[in-house]
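Peer 1: for reference, the sequence and a predicted model appear below.
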Amino acid sequence: MAYSGAISMCSGNTIYPNAGGYSAYITLCIASLVILSILLNNKGQRSVVASLIATAGIISIGASQFLYLGAVSYYLGVVLLFFGIWYNGSFFYFYRKYIQNSMNYISKLY
């Protein structure tokens with residue numbers, strides 16, 4: 001649910017020009033569903049941190065929709081929202097597989 005909700009918000013080119021209209025409320029409702037799905041997929045402290053990251057994204061999206069801050073703020077919010085979802089889901093899998101293994105390999109070289 002979280003991924004599908006965030007992907008539907010990536011169509012900012014069609015949503016953003018209508019800033020302040022009904023589509024802005026639809027965007028925020030979908031973002032709220034994303035937060036709810038992160039919290040329902042409870043993984044302890046990781047879910048709390050992920051929901052805080054996603055909330056920062058929702059604030060940025062809301063600011064771009066209602067305060068007319070521009071498309072950069074909208075897409076920054078979408079990136080934060082995606083990162084919050086990824087952090088709650090499979091971020092540590094990629095971290096362990098790529099970053100930690102790379103650090104171990106580099107430490108063996110020296």
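Peer 2: That came through, no problem.
Peer 1: make it CA atoms for all contacts and neighbour counts henceforth
Peer 2: Fine.
Peer 1: buried sites along the helix or strand harbouring residue 51?
Peer 2: Here residue 51, judged by DSSP states H and E, is contained in helix 45-66. Using 16 or more other C-alpha atoms under 10 Å as the test for burial, helix 45-66 gives 46-48, 50-65.
Peer 1: what residues does that helix touch?
Peer 2: Contact with helix 45-66 is made by 16, 19-20, 24, 28, 31, 35, 38-39, 41, 69-71, 73-85, 87-88, as judged by C-alpha atoms under 8 Å, 6 or more residues apart in numbering.
Peer 1: this protein: helices as residue ranges?
Peer 2: 2-9, 12-15, 22-40, 45-66, 71-89, 91-94, 101-109 (DSSP state H).
Peer 1: now do stretch 50-66: distance to the chain's middle.
Peer 2: Distance of stretch 50-66 from the chain centroid (C-alpha atoms, centre = their mean, to the nearest Å) equals 8 Å.
Peer 1: and what of stretch 47-64?
Peer 2: The answer for stretch 47-64 is 7 Å, by C-alpha atoms, centre = their mean.
Peer 1: rank the helices of the chain by mean pLDDT and give me the bottom one.
Peer 2: Averaging pLDDT over each of the helices of the chain singles out helix 12-15 as the lowest, with a mean of 48.
Peer 1: quick check: phi and psi at residue 90.
Peer 2: phi -130, psi 20 (degrees, to the nearest 10).
Peer 1: and what of residue 44?
Peer 2: phi 80, psi -140.
Peer 1: how near is it to residue 66?
Peer 2: Noted for residue 44: a distance of 33 Å to residue 66, by C-alpha to C-alpha, to the nearest Å.
Peer 1: before we move on, what about residue 52?
Peer 2: Taken as C-alpha to C-alpha, the span from residue 52 to residue 66 is 21 Å.
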